[in-house]
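Colleague: take this sequence and fold it.
(chains A and B)
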2 protein chains.
Amino acid sequence: MPAYRTPLSDMRFLLHEVFDFPTHYQRLAGVEPVDAALLDGILEEIARFTEQELFPLNASGDRAGCRFENGVVRAPEGFREAYDGFVAGGWTAVTGAPEWGGQGLPATIGMLVEELTMTTNLAWGMYPALSHGAMNALEAHGTDEQKDLYLRKLHAGVWTGTMCLTEPHCGSDVGLVRTRAEPEADGSYRINGTKIFISAGEHDLAENIVHLVLARLPGAPVGTKGISMFVVPKFLPEGDGVGTRNGVNCAGIEEKMGIHGNATCVLNFDDAKGWLVGPENGGMRCMFTMMNAARLVVGLQGLGQIEAAYQGSAAYALEREQMRALTGPVAPERPADPIIVHPDVRRMLLTQKALAEGGRALGYYAGLQQDLARNADDAELRAQAQKRIDLLTPIVKGFLTEAALECTNHALQIFGGHGFIREHGIEQYVRDTRITLIYEGTTQIQALDLIGRKVLFDGGQALMALIDEVTATCNALADDPDLGEHARVLAELAKEWGELATDLGARGMENPNEVGAGAVDFLMYSGYVLVGWCWLRMMQVAGTATGEEAFLTGKQHTGQFYFRRLLPRTRALAATIRDRADALLDLPAASFSR
Amino acid sequence: MPAYRTPLSDMRFLLHEVFDFPTHYQRLAGVEPVDAALLDGILEEIARFTEQELFPLNASGDRAGCRFENGVVRAPEGFREAYDGFVAGGWTAVTGAPEWGGQGLPATIGMLVEELTMTTNLAWGMYPALSHGAMNALEAHGTDEQKDLYLRKLHAGVWTGTMCLTEPHCGSDVGLVRTRAEPEADGSYRINGTKIFISAGEHDLAENIVHLVLARLPGAPVGTKGISMFVVPKFLPEGDGVGTRNGVNCAGIEEKMGIHGNATCVLNFDDAKGWLVGPENGGMRCMFTMMNAARLVVGLQGLGQIEAAYQGSAAYALEREQMRALTGPVAPERPADPIIVHPDVRRMLLTQKALAEGGRALGYYAGLQQDLARNADDAELRAQAQKRIDLLTPIVKGFLTEAALECTNHALQIFGGHGFIREHGIEQYVRDTRITLIYEGTTQIQALDLIGRKVLFDGGQALMALIDEVTATCNALADDPDLGEHARVLAELAKEWGELATDLGARGMENPNEVGAGAVDFLMYSGYVLVGWCWLRMMQVAGTATGEEAFLTGKQHTGQFYFRRLLPRTRALAATIRDRADALLDLPAASFSR
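Modeller: Got it, this is the predicted structure:
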């Protein structure tokens, strides 16, 4: 099992020093008040639970996997007990509305819980995360009766939820959904169809499973405009518990590269009873309510895997002895020096550390915007924050998961041959991480969402507002003796960020493929600039904060590394974003075959 | 099972049009003559064998894995029969010396065989590849008696070979080897110790296994100067077959991320009988004879995995229908367009295609140099070629395996969620590929070998000679209407390549860590320039060659893509190579812990 401790110093530095969450919470309305003591208390509790209960099940859950027999799925040993403990701790209800049994805490409290569950056990963490997505959709779009029936149970954790979108012939293209929903005389609907890749679609952790299913009504328009959302429980609710088994059955679970502890199910809906959630043919909007929150969670999954893999590889690099430092023995009494003396081992460690800490800052910043969008005490501020979080979501999801693919591979590489074998638990991070670049919309989908829906359709306003804030930070530090150079570089990049968007937009007017050709590189560029902004702010705060010296020095050095060794990647990205789409599109499709 | 066909058009284009292997073979001495007809015949035969016999066992071997029971290892079903077929085809003997039963063909013929075995079945291909490494070492350093005893059997394929270097406490740092060898009265040695990560260390494909083992003689100097090589057979040779079982036993096989069909063994040597190969304490040189050839083979493994994953994802992209092209429906009669219409799917496909074809050209160029170094009819040419292949080896190994990590992940991404599940066979390429960045020396070890041993210790001569050749190609094309711009860009990069080496060398005089800090990025920079050179040559040849129009057009477009979308990565690499080592080294080791 790799080494792991909750990164409390770093989390507290962000929560208190950089972003001052307690003051932020004072600007929220309609949520329970959170002061510094409560925040720290919650953090300590979830840190203890995830470190002691979830982390030890990560490797064992990977080995055991889920078992499927006669339509029943059994999660790995220990998963159910851990889930019971999570429910007993009240963690399933933290952000839920109090009128339906929730604790009414701000969204960022849920974010911290999700960050740490995903860091310690991604496969396990997906069970409550899927429930959370279902809760969001029901709270936003369900009737009071549906909330009373389902939301109370989901908050209490005795039932869990799923999102049923994908079908064999439709993944990214939700508009192709074929599952049918026919109205019944009693106001319910008869659902028929097959859904695949349904995470947590069947399991033995809870009494009931509440499926939110995309399907088509008779005569619905083709494409995304003809999709409706339905709530389809595994067992029909009866009294305060469950009654008849509904016509939804698990036909099998997938053998996968990773997240073996989470059941990825084929679900058959055979005359299943369901109820409409939201308006007829309005399923896409309901789906995006789930999806946008889920995308931020997947970003946190990327961050969590970077953190966990980083810690494993850092511990190994401090302990494993191979060869001498290039400058001569550092530990002459030992047969060799610890491998952390080797510059490239440090490059790989610092890449992970800089992206974990910078990514965490970006994630928390996005969390703050989510809080404000939902609960700011001012309507104008809510609207502004909504635009900001809309813009940030694809970047957080896309950039942090792409970073996680790189970083977990660095962690494996530091272990050398020992990283490739199961014993040390490092290769699991690479395998588990791989799905985060795909589900809830691939990097490619995020990239098109960012440049298309969030930047260009908006006339660039949301982007320019963010660029102005980045630039303001840079300008304020332009003459700083320590940070001035980085601030000036980042200001140039922020300016270029806007120019690149304008360039893509202008070219896209003539040929939309120009936008598609630069989209992923534009997303990555955006991520590097925003993480650079976070690093600048962290370095600024670390320069004046009082606290543990080693931690604060670490911040400065890691930030230096980010600016000097990672931010130059924007040079390649800017060049390729500016290149034309014909480089991708002129080759006839047939020429791709051998 | 993913789609796969031997990339014969591309291979023939390189063998005949770009590099003219038949003419090249006329400059060799001491090897069997190979004309165009023989070359094509061999290529067709090995293409047929690998496509029909090995490729179908790739996925099944991954699922079944090797089984270990009571010291015996069983390879996956079908592996032994395929090995018998490989032996029957004479493929184990192609490059061996005729006096010991080999066919005496040039090294590049062996390269083609290894490329296609590694493309179709990496786990299987490692069994004969390890034998090949052992043959190289015995042929170069063994006594005639040893060659007669072992080399004949290895060439005949009835015995296989291994390389036993790694021990639990020593991987990259071979100097830490503890296995002991004590001389016996009969001239043999008693070997005691434990070796780990021994690929093909135990299996049921062949009658006997010939281990080449690094160990220390009594009183040997510490470090690499005190290491000797021994041949330690699993069964002692007797008559024309095998006799007594030797004291070498498999204590277990590793559970791994990939290459499940190849047994990665823990081998215990308990008073095993062995014989010295090469001089006492001269084991490192013997090891490098095996290792350098093996590194080129691992580069071919990277190339092979890129090719196979590329083909799988290209077939899927042509067939899978999701969403409409950004410019409007391409297949309006279908519910959606094939995903190959999406610019970023093409970016991922073209990245794979450009690195597969460019990497193949680089690999073949290195193969030509290996032929010349061994068999050129002129001593001066042999010496020059040896310097060239020494320089190229770490680049071929390091760059092509790093490229394979990226490319196999692109292939998986194109499959979306279907790529993450086992069914389609794509995630296996990602898992199998991952070890190629580690074994036979990690990317980090290759990088230090390149900039240290191959560039700086040589005073930069070998590098400058290569830069001169690259520059000459560019200068000849500088005014070409189609290729001039690329040629001028590449000439600038070639110049910068030398400057970067000079800069690292100058800074390294004061602080060796400056070299270590830039080493991996310098290796990657070197790879991009050399693959750019290969692309320039391929585009030039494709411009005048006659042949299949779609293929030649594909070359031009793919080359354009390489120059416009991949080569700009050198902008980030040049910046980070020029950065100083303090960015990596100033953070105290303790600050890496949470």
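Colleague: and the stretch 1-150 of chain A, which residues reach chain B?
Modeller: With C-beta under 8 Å from any C-beta of the partner chain as the criterion, the stretch 1-150 of chain A meets chain B at residues A:5-10. For every residue, glycine as well, the C-beta is placed using N, CA and C.
Colleague: would you mind giving the residues you listed as CSV with secondary structure added?
Modeller: As requested, the residues of the stretch 1-150 of chain A next to chain B are exported to CSV (DSSP: H, G, I helix; E, B strand; the rest coil):
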residue, secondary structure
A:5, coil
A:6, coil
A:7, coil
A:8, helix
A:9, helix
A:10, helix
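Colleague: can you pick out the most distant pair from the residues you listed?
Modeller: Distance extremes for the residues of the stretch 1-150 of chain A next to chain B: the farthest pair is A:5 and A:10 at 10.9 Å, using C-beta to C-beta.
Colleague: which residues are common contacts for the two?
Modeller: residue B:594 (C-beta atoms under 8 Å, 6 or more residues apart in numbering or on different chains).
Colleague: so between these two, which is more surrounded?
Modeller: Per other C-beta atoms under 10 Å in any protein chain shown, whichever of residue A:5 and residue A:10 has more neighbours is residue A:10, with 20 against 13.
Colleague: might one say that that one is in contact with residue B:594?
Modeller: Yes: counting by C-beta atoms under 8 Å, residue B:594 is a contact partner of residue A:10 at 7.4 Å.
Colleague: residues contacting residue A:553?
Modeller: B:587-588, B:591.
Colleague: and these, which are buried?
Modeller: Taking 16 or more other C-beta atoms under 10 Å in any protein chain shown as the criterion, what is buried in these is B:587, B:591.
Colleague: and the contacts of residue A:553, which of them are in helices?
Modeller: Judged by DSSP state H, these include no members of helices.
Colleague: from the contacts of residue A:553, which is closest to residue B:367?
Modeller: If you rank the contacts of residue A:553 by distance to residue B:367 using C-beta to C-beta, residue B:587 comes first, at 42.6 Å.
Colleague: my guess is the closest one meets residue A:559, correct?
Modeller: No: contact criterion C-beta under 8 Å: residue B:587 and residue A:559 do not qualify, at 10.7 Å.
Colleague: which bits of the stretch 251-400 of chain A sit near chain B?
Modeller: A:254-258, A:264, A:311, A:314-315, A:317-318, A:321-323, A:325-327, A:335-336, A:338, A:340-347, A:349-350, A:353.
Colleague: ok, now how distant is the closest residue to residue A:58 other than its chain neighbours from chain B?
Modeller: In space, and not counting its chain neighbours, residue A:58 is closest to residue A:121: 4.5 Å by C-beta to C-beta, 6 or more residues apart in numbering or on different chains. For residue A:121, the distance to chain B (C-beta to the nearest C-beta, to the nearest Å) stands at 17 Å.
Colleague: and residue A:121, what does it touch?
Modeller: Applying C-beta under 8 Å, 6+ apart, one finds that residue A:121 lies in contact with A:50, A:54-55, A:57-58, A:61, A:261.
Colleague: what residues does the stretch 451-594 of chain A have near chain B?
Modeller: With C-beta under 8 Å from any C-beta as the criterion, the stretch 451-594 of chain A meets chain B at residues A:511-513, A:515-517, A:519-520, A:550-551, A:553-554, A:557-558, A:560-561, A:564-565, A:568-572, A:575-576, A:579, A:581, A:583-594.
Colleague: now restrict those residues to buried residues only.
Modeller: Buried by 16+ other C-beta under 10 Å: A:511-513, A:515-517, A:519-520, A:551, A:554, A:557-558, A:560-561, A:564-565, A:568-572, A:575-576, A:579, A:581, A:583-585, A:587, A:589, A:591-592, A:594, out of those.
Colleague: where do the strands sit along the stretch 201-350 of chain A?
Modeller: Counting by DSSP state E, counting those that start in this stretch, the stretch 201-350 of chain A has strands at residues A:208-215, A:228-233, A:235-238, A:241-245, A:248-253, A:264-277.
Colleague: please report phi then psi for the residue nearest to residue A:58.
Modeller: Per-residue torsions, residue A:121: phi -160, psi 90 (degrees, to the nearest 10).
Colleague: how close does it get to residue A:132?
Modeller: According to C-beta to C-beta, to the nearest Å, residue A:121 stands 16 Å off from residue A:132.
Colleague: next one: residue A:413
Modeller: Residue A:413 is 34 Å from residue A:132, by C-beta to C-beta.
Colleague: contacting residues for residue A:7?
Modeller: Residue A:7 neighbours (C-beta under 8 Å, 6+ apart): A:307, A:311, A:356, A:360, B:594.
Colleague: tell me the pLDDT of the closest residue to the first one other than its chain neighbours.
Modeller: Nearest non-adjacent residue to residue A:307, counting by C-beta to C-beta, 6+ apart: residue A:356, 4.7 Å away. Looking at residue A:356, its pLDDT stands at 98.
Colleague: spit out the contact partners of residue A:356.
Modeller: Residue A:356 is in contact with A:7, A:303, A:306-307, A:310, A:407, counting by C-beta under 8 Å, 6+ apart.
Colleague: mind putting those in a markdown table, pLDDT and distance to residue B:440 included?
Modeller: Formatted as a markdown table, these follow (pLDDT from 0 to 100; distance: C-beta to C-beta, whole Å):
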| residue | pLDDT | distance to residue B:440 |
| --- | --- | --- |
| A:7 | 98 | 36 |
| A:303 | 98 | 34 |
| A:306 | 98 | 28 |
| A:307 | 98 | 31 |
| A:310 | 98 | 27 |
| A:407 | 98 | 24 |
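Colleague: please narrow the residues you listed to those residing in helices.
Modeller: Reading helices off the contacts of residue A:356 with DSSP H, I get A:303, A:306-307, A:310, A:407.
Colleague: most neighbours among those, which one?
Modeller: Going by other C-beta under 10 Å, residue A:306 tops the ones in helices among the contacts of residue A:356 with 33 neighbours.
Colleague: can you name the residues that contact it?
Modeller: Contact analysis of residue A:306 by C-beta under 8 Å, 6+ apart lists A:352, A:355-356, A:359, A:400, A:403-404, A:407-408.
Colleague: ok, now residue A:59?
Modeller: If you count contacts by C-beta under 8 Å, 6+ apart, then residue A:59 has A:1, A:425, A:428 around it.
Colleague: quick check: the first one vs residue A:120, distance?
Modeller: Translated: residue A:1. 11 Å.
Colleague: so for those two, which residues contact both of them?
Modeller: Listed as contacting both residue A:1 and residue A:120 by C-beta under 8 Å, 6+ apart are A:55, A:58.
Colleague: neighbour count for those two, which is higher?
Modeller: Between residue A:1 and residue A:120, residue A:120 has the larger neighbour count (other C-beta under 10 Å), namely 25 against 12.
Colleague: looking at the more buried one now. What's its pLDDT?
Modeller: 98.
Colleague: go on, residue A:2?
Modeller: Note for residue A:2: predicted pLDDT of 84.
Colleague: cool, and residue A:117?
Modeller: Note on residue A:117: pLDDT of 98.
Colleague: which residues sit against the helix or strand containing residue A:24?
Modeller: Assigned by DSSP states H and E, residue A:24 belongs to helix A:21-25. Applying C-beta under 8 Å, 6+ apart, the set of residues contacting helix A:21-25 from outside is A:15-16, A:31, A:33-36, A:39, A:106, A:108, A:368, A:371.
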